[in-house]
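>>> I would like the atomic coordinates for the input below:
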Amino acid sequence: MNSIGRPILPPQILSTKEIYGRPGAFFFEKRHGPVVIPVGVTLNAKGHTQYRALVRQLAVYLDVEEPKPMIFSDEPDKFINGILQDESTLEEIATTGQGELQFYCPDPFWYALEDDVMSWKGPGTYVLDRKGTANSEPLIEIKGTNNGGKITLQTDNTTINFTGILSAGETLVLDSALITAYIIKNDGSQVSAIHDIDTIIMPILVPGANQLTISVSGGASVTQFKVTARSRWK
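You can find the predicted model right below:
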């Protein structure tokens with residue numbers, strides 16, 4: 001790779017409204033747009049046959065059906081999910097080819113290659129210290145039992161009460177990225193638990209220290225509480 005174009009921030013998409021006769025505009029919100037990363041490449045080979053074989057092999061690596069993790073050598077602890085877009089033409093002289101590839105990244109955040117994962121046993125108040133510079137959407141797994149009681153998860157931004165049935169060996173999963181809840185049964189199948197929680201405001205983790213409290217009532221129990229932070233960077 002000759003060069004990698006990484007913006008300071010993703011495109012900043014602003015929602016505004018202008019009104020005729022009024023100076024300026026009303027500002028409503030800002031959100032991050034998708035990122036396009038241009039990557040300059042050079043291919044070299046000893047002969048024409050080897051060069052064409054190298055191009056064909058590169059085509060195999062680049063032709064994917066969905067965004068895949070991209071890791072660059074100057075940030076080996078992070079990845080961003082990208083997929084090739086537009087043309088992939090090379091300017092060729094003898095057995096050397098140069099060009100620029102455009103990678104479309106629908107999720108503009110960079111994620112930790114080795115995520116922050118913590119696990120605790122039983123109810124309690126715990127602290128998870130995560131890396132990164134952007135708020136993250138964790139995956140939370142709770143093992144225990146419930147039949148008529150309540151399992152409560154409290155974080156810095158939300159409180160979720162689960163009142164559904166949870167049998168021994170099953171796992172209640174709260175997925176903040178997908179805004180959903182489900183139970184992994186003992187046979188590996190999944191059933192929705194979205195109607196067994198009282199809010200869809202899912203936990204958000206900030207960079208640094210986060211406090212999480214898991215508690216039970218009415219005969220419910222918790223044997224294991226696991227948080228995958230999905231730590232990420234802007």
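
>>> what's the burial count for residue 126?
By the criterion of other CB atoms under 10 Å, residue 126 has 15 neighbours. Yep, even glycine has a C-beta here, placed from its N, CA and C like the rest.

>>> Equivalent analysis for residue 181, please.
Residue 181: 21 neighbours (other CB under 10 Å).

>>> quick one: contacts for it?
Neighbouring residues of residue 181 by CB atoms under 8 Å, 6 or more residues apart in numbering: 162, 172, 173, 174, 175, 192, 193, 194, 196, 197.

>>> correct me, but residue 140 touches residue 153?
Yes - with contact defined as CB atoms under 8 Å, residue 140 and residue 153 form a contacting pair (6.9 Å).

>>> circling back: can you flag which of the contacts of residue 181 belong to helices?
Among the contacts of residue 181, DSSP state H puts none in helices.

>>> sorry, back to before: overlap of the contact sets of residue 140 and residue 153?
With CB under 8 Å, 6+ apart, residue 140 and residue 153 have common neighbours 174, 203.

>>> Narrow the contacts of residue 181 to just the buried residues.
In terms of neighbour count (16 or more other CB atoms under 10 Å), the buried residues within those are 162, 172, 173, 174, 175, 193, 196, 197.

>>> Was I right to think the fifth one contacts residue 141?
No - with contacts counted by CB under 8 Å, residue 175 stays clear of residue 141, the gap being 9.7 Å.

>>> how near is residue 150 to residue 216?
Using CB to CB, to the nearest Å, one gets 7 Å for the distance from residue 150 to residue 216.

>>> Likewise for residue 227?
Using CB to CB, one gets 17 Å for the distance from residue 227 to residue 216.
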